[in-house]
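*Asks:* let me see the structure of the following:
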Amino acid sequence: MPRERRLFLSLAILVSLAFTSPTLAQQPPPGYQFFSGAPQVSGGLLLARLQGARSAIQTLKDGFRDTARFFDGRPRVVAGIADARDQEAEAAFRVSKGNIPLVGTAFAIIEGGAATIVLAFDTPNTFPQSYPRLLQIAGLSGGSGSACPPPARHWRTVQYFDGSGQMTLPEGWHLTAAHQGMARGEGPHGIVESGITFSAISRAGAAQRAQFGLPTLVLVADPTDLPSALVGVWTAVVRLGQTPPFRIRRVIESVPIPSQGVIPMQAGFLHYEIEHEGIVKRVLALVHMAALDADGQWVYFESHVIAPLSCFGQNLPTLFQIWTSAQVSPQEFQRRLDAAMSSLNEAHEMRWQGMRNRSKRDDDIRAAWREYNIGVQTVEDTITGTQRPVDHSHSTELVRKLNEQEPGRYREVPLRELNQ
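*Replies:* Below is the predicted model:
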């Protein structure tokens, strides 16, 4: 359904500059229906159903050409995506009407050789709120049979339980967890989780620790790229019972972004689907992945919004506003930085202790080998502590003769004892 369309395009629209809502003329292009948001919301929607279509991308291009006269000119696409079969496509666009700037989302869906093309548009500051209502007005928001919640209202700022941050929540929403900068808000529109952090180690790093006899106290997953890190981390978390069981059905999109942190990181938006308690849900996440040392130790950060598939598009503006309101206090940020550095130092110390233990075992083994194969032994004067090497074949006899003069004074010293 249209409200389930991919969402990175909408993010660009959400952060656009604000303008005044226009009064839209209601003369649609030939073959199109026009739906006005008034009086519920501003904006408008153009809808057409076309026969004989094969390409969703071409259908979009045709739609932009056909609607150019409705606007001040052909809409200018700023981002676009399509599925591999070219049966679904979406584009974010900018355009103007009566010299008033507008933004919008256009999508085309092909089913059974027929295409549905929709262009929804409004001013940049009101589009996130008007978009789901426009789909409802046009009769495009059916689906699961259950009504989606209305847009949020009556917002308030809520402090985290331990004072480590805050989040702005609307009516019907509550904090269900908040500790050390991590928070979870739940309400009728879905779930918002901010500041999720996991320590992890690559499979090669875990194998190396096992060789040193060291336990692996963190998640085992390879940080090859953001999608594989996401799947690896959450699979390990579920397997260890650290979260209620769910299954990642697919990663739909991954859009890398520049990281702003002081530690080198990979960062990006990921859009994926999960199945939880028999319900399919959509997740939009911001993920950071930081490799902290050469031994395979790395850290995974994620913040995300979750909602049922049937209402995800309609609920996104509310979820996004809650998500972006989450703030961590400066004191908590410094505590996290200090904790990360401390953990890193502890990991290095544990590794070096393991190497020292293994080195001692290796030395003992080599000493025993030399003692047996080279035939060199050491004799020690137990009173003065003086030691001297002798040929293995004579050391036992030499000690026996020395102790005949001073019983118990001399002994043979195993090579492994000399390496302690």
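*Asks:* residue 89 pairs with what?
*Replies:* Taking DSSP bridges, one obtains residue 82, residue 108 as the residues bridged to residue 89.
*Asks:* so how far is residue 49 from it?
*Replies:* Distance from residue 89 to residue 49, counting by Cβ to Cβ, to the nearest Å: 16 Å. Quick note: C-beta positions are derived from backbone N, CA and C, even for glycine.
*Asks:* between those two, tell me which one has more neighbours.
*Replies:* residue 89 (25 against 13; other Cβ atoms under 10 Å).
*Asks:* helices or strands up against the one helix or strand residue 284 maps to?
*Replies:* Per DSSP states H and E, residue 284 falls inside strand 279-291. The contact analysis (3 or more Cβ pairs under 8 Å, 6 or more residues apart in numbering; DSSP states H and E) places strand 279-291 against helix 226-239, strand 266-276, strand 297-308, helix 312-325.
*Asks:* run the last query once more with 7 Å
*Replies:* helix 226-239, strand 266-276, strand 297-308 (3 or more Cβ pairs under 7 Å, 6 or more residues apart in numbering; DSSP states H and E).
*Asks:* which of the ones you listed sits most buried?
*Replies:* Ranked by mean neighbour count under mean count of other Cβ atoms under 10 Å, the helices and strands packed on strand 279-291 are led by strand 297-308, which reaches a mean of 21.
*Asks:* tilt between the strand holding residue 284 and strand 266-276?
*Replies:* An angle of 150 degrees separates the directions of strand 279-291 and strand 266-276 when computed by axes from the mean of the first three to the mean of the last three Cα atoms, to 10 degrees.
*Asks:* now do strand 279-291, average pLDDT.
*Replies:* What strand 279-291 shows for mean pLDDT is 89.
*Asks:* just send the helices and strands packed on strand 279-291 back as CSV, with distance to residue 204 too.
*Replies:* Output for the helices and strands packed on strand 279-291, formatted as CSV (distance: least, Cβ to Cβ, whole Å):
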stretch, distance to residue 204
helix 226-239, 13
strand 266-276, 18
strand 297-308, 11
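*Asks:* in contact with the residue sitting nearest the centre point of the chain, which residues?
*Replies:* Nearest residue to the geometric centre of the chain (Cα atoms, centre = their mean): residue 287, 3.2 Å. By Cβ atoms under 7 Å, 6 or more residues apart in numbering, the contact set of residue 287 is 226, 230, 267, 268, 270, 301, 302.
*Asks:* give me the domain ranges for the chain.
*Replies:* The chain resolves into domains spanning 2-137, 157-347, 374-418 when parsed by automatic domain parsing.
*Asks:* ok, residue 195 to residue 61 distance?
*Replies:* Counting by Cβ to Cβ, the gap from residue 195 to residue 61 is 42 Å.
*Asks:* more crowded one of the two?
*Replies:* Using other Cβ under 10 Å, the more surrounded residue of residue 195 and residue 61 is residue 195, with 21 against 16.
*Asks:* thought residue 304 was touching the more buried one, still the case?
*Replies:* No. Using Cβ atoms under 7 Å, residue 195 is not in contact with residue 304, being 10.7 Å away.
*Asks:* so what's the residue count around residue 384?
*Replies:* With other Cβ under 10 Å as criterion, residue 384 counts 8.
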